[in-house]
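Engineer: Predicted model and sequence follow; I will ask about them next.
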Amino acid sequence: MLSIISTKRNVNLAILAMQFGLLVASAVGQAFFAGKQDADKASGQIHVPTRSSSPLFRGEQGKQRTEIHFDPTTHMVTMKLLVQDPNGYFIPNIRREDFVVYENDARQQISTVDIEHAPASLGLLLEFGGRTPGLNRLLGEEVSRAGRQLVDELGQQDKIAVWKYSDKVEKIVDFSQARETLDGLFYGLGTPELSETNLYDALIATVDQMRAVGGRKAIVLISSGLDSFSKASYQDALKAAQGSDTPIYAIGLARPLRDLAELHGSNTGPSARIDWERAAKEMQEMARASGGRAYFPENTIDISPIYDDVIENLKVRYVISYRSSSDNMSSPRKVRVELVDPTAGKPLQIVDSNGKTVHASVVVQSSYVPNQPSEN
């Protein structure tokens, strides 16, 4: 009995020691973080994690829409904006005192600065058809795998609708459906039947359906970029993308499909005459025109880094609020946001964990009109 009591006492002492150790470690960690923040303030620097030296997307991203809301009762302005490095990665750790807002060249008094991780509604558009049996089999496998990975990346409050297209567009999942219904969806897609591939028509139709969706939203297009018989032209699709209120994040399957076709000996006959480069260029331009991004992975075995990039670019924003000093309620108000070292009054210096300078750009619309709603 004494042995059992002694054993219990030793276990309790060990638990207490472990808990004390955790408290000490937590206190040390908090002190270190606070000390690092104080050191950052003293040095006038912001430290951020080291990111990839090149973007995951290809080409140039188009103009992104930002949000500015004006409350006529309080004259409070709320701006949702991006701060990113030259490769399009979000820059964290910027404090309220590092932002300076000018309205009509008059400096404003900032009330709050927060970071928002907004829920999003994603319209997933999948290519699912073509005129070559070999490529269709490979296509079915690629879009199924890519679709499953996207669902795995979504947050609990995010919503998704799914369309597939061949010679026509078909909605197979609505935004209102439970996420659980998607688990078996991508496994059950099978092999597309022989058909035309009408990308331009499908993209225009999806853009139109996404207009009714509110909040933060995007179209994720998973496609080879090929179009065989659309009624609309490429210029029609490009115009629709440019006039859309929904950015398009395009994931091109040209590279994996071409490589797999060569591996399986399917890259003959009609497949040999496919202009893959043109297809990729058109996808890139449509994404850019909409304010989205285009990605061209070597394969779809693991494209979660691409989805991480999409979600960060779409959902994460700095939110700045201030009370406007202007009384003019009808004319456009010019807006400018700068990053400044508050201790020296100089441009804010941002460095990564390797000590390399990170050049930041603030993405925000240049003006707003108080009595007009802002675009998302």
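Structural biologist: Ah, there it is.
Engineer: low pLDDT regions in this structure?
Structural biologist: By pLDDT under 70, the weakly predicted segments of the chain are 1-44, 264-273, 373-376.
Engineer: Which stretches in it count as helices?
Structural biologist: 2-43, 133-153, 181-185, 199-210, 234-242, 254-263, 276-290, 304-315 (DSSP state H).
Engineer: Could you measure from Val207 over to Tyr200?
Structural biologist: 11 Å (Cβ to Cβ, to the nearest Å). To be clear about C-beta, it is placed using only N, CA and C from the backbone, and glycine gets the same treatment.
Engineer: One more: Pro347?
Structural biologist: With Cβ to Cβ as the criterion, Pro347 and Tyr200 are 44 Å apart.
Engineer: who has more neighbours, those two?
Structural biologist: Taking other Cβ atoms under 10 Å, Pro347 and Tyr200 do not tie; Tyr200 has more neighbours (22 against 13).
Engineer: what residues are up against the residue lying closest to Pro133 once chain neighbours are set aside?
Structural biologist: Using Cβ to Cβ, 6 or more residues apart in numbering and skipping the chain neighbours, the partner closest in space to Pro133 is Leu194 (6.6 Å). By Cβ atoms under 8 Å, 6 or more residues apart in numbering, Leu194 lies in contact with 129-131, 133, 136.
Engineer: Now do the end-to-end distance for stretch 250-259.
Structural biologist: 19 Å (Cα to Cα, to the nearest Å).
Engineer: Which positions within it qualify as buried?
Structural biologist: 250-258 (16 or more other Cβ atoms under 10 Å).
Engineer: coming back round to it: so what's the residue nearest to Pro133 bridging to?
Structural biologist: Beta-bridge partners of Leu194, counted by DSSP bridges, are Gly130.
Engineer: Show me the domain layout of this structure.
Structural biologist: 1-29, 52-376 (automatic domain parsing).
Engineer: Would you point to the one among these that's packed deepest?
Structural biologist: Highest mean neighbour count among the domains of the chain (mean count of other Cβ atoms under 10 Å): domain 52-376, with a mean of 17.
Engineer: Please report how far Asn93 lies from His359.
Structural biologist: On the measure of Cβ to Cβ, Asn93 and His359 end up 15 Å apart.
Engineer: And Ile301, by the same measure?
Structural biologist: Counting by Cβ to Cβ, the gap from Ile301 to His359 is 33 Å.
Engineer: go on, Asp152?
Structural biologist: Counting by Cβ to Cβ - Asp152 and His359 are separated by 33 Å.
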